[in-house]
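# Please find the sequence and the predicted model below.
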Amino acid sequence: GRSKGGVRNHDLLLLGWAGPEFALVDIEGKADEEFGNLVGEEFDSKDADKPESNLRERIEDLARRLFGADAKSIRDLRYQLLYGAYACLARASTVHARKAIFLIHELHTSACRWEKIEQNDRDLAAFVARLGCTPLQQPGSGWLVEVKTLHVGPDGVPQGIQFFVAKAVAEIGKPTGHRS
């Protein structure tokens with residue numbers, strides 16, 4: 001199950017044991033920057049038009065592998081979340097982990113803006129909802145959900161991996177702006 005793209009640079013990758021099972025935690029660090037472009041923006045970008053680019057093929061491949069769907073159905077999701085989640089599962093398969101956690105670690109500082117943090121919360125919630133889960137809907141808080149609706153198989157995600165998406169928050173300063 002390798003996707004049709006390059007190798008993901010994980011912000012932090014942890015390997016260890018969760019009880020008797022080998023586990024992987026793929027950590028994506030965030031302050032208040034967004035999770036990249038929307039899938040639709042990436043699909044329609046000038047980079048995707050370049051002859052040497054396989055971006056559209058990669059997006060279609062990721063959509064099929066994670067959701068059993070085509071790219072049109074996920075145009076409103078953030079590409080970084082799509083690619084990060086699949087890369088987490090692919091790496092877990094490579095190291096023979098039975099559990100995989102794709103963890104967004106959000107760092108709040110006084111340089112962050114609440115408006116951006118809340119937009120990231122909405123984008124992450126939309127991604128997790130498309131995976132068939134409902135995260136805790138309280139901006140700035142952490143949560144963990146098990147994803148049970150993945151498209152599994154030869155054209156999907158690797159089999160035999162219990163997959164979770166999580167969010168953790170570390171607050172070392174108060175973000176500015178107004179909370180909704």
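Thanks, I have the structure now. Residues are numbered from 1 along each chain as shown.

# Need phi/psi at residue 166.
For residue 166, the backbone dihedrals are phi -140, psi 160 (criterion: degrees, to the nearest 10).

# So for it, what pLDDT did the model give?
Confidence at residue 166, expressed as pLDDT, is 95.

# Which residues are in contact with the residue of the chain positioned farthest from its centre?
With distances taken from the mean C-alpha point of the chain and given as Cα atoms, centre = their mean, the most distant residue is residue 51, at 27.4 Å. Listed by Cβ atoms under 8 Å, 6 or more residues apart in numbering, the contact set of residue 51 is empty. Glycine gets a C-beta too; all of them are placed from N, C-alpha and C.

# what are the phi and psi values for it?
The phi/psi pair for residue 51 (degrees, to the nearest 10) reads phi -60, psi -30.

# after the helix or strand bottoming out on mean pLDDT in the chain comes which helix or strand?
For the chain, counting by mean pLDDT, DSSP states H and E, helix 46-49 ranks last in confidence among helices and strands (a mean of 88). Heading C-terminal from helix 46-49, the first helix or strand you meet, by DSSP states H and E, is helix 55-67.

# next one: that following helix to chain centre, how far?
In terms of Cα atoms, centre = their mean, to the nearest Å, the centre of helix 55-67 is found 14 Å from the chain centre.
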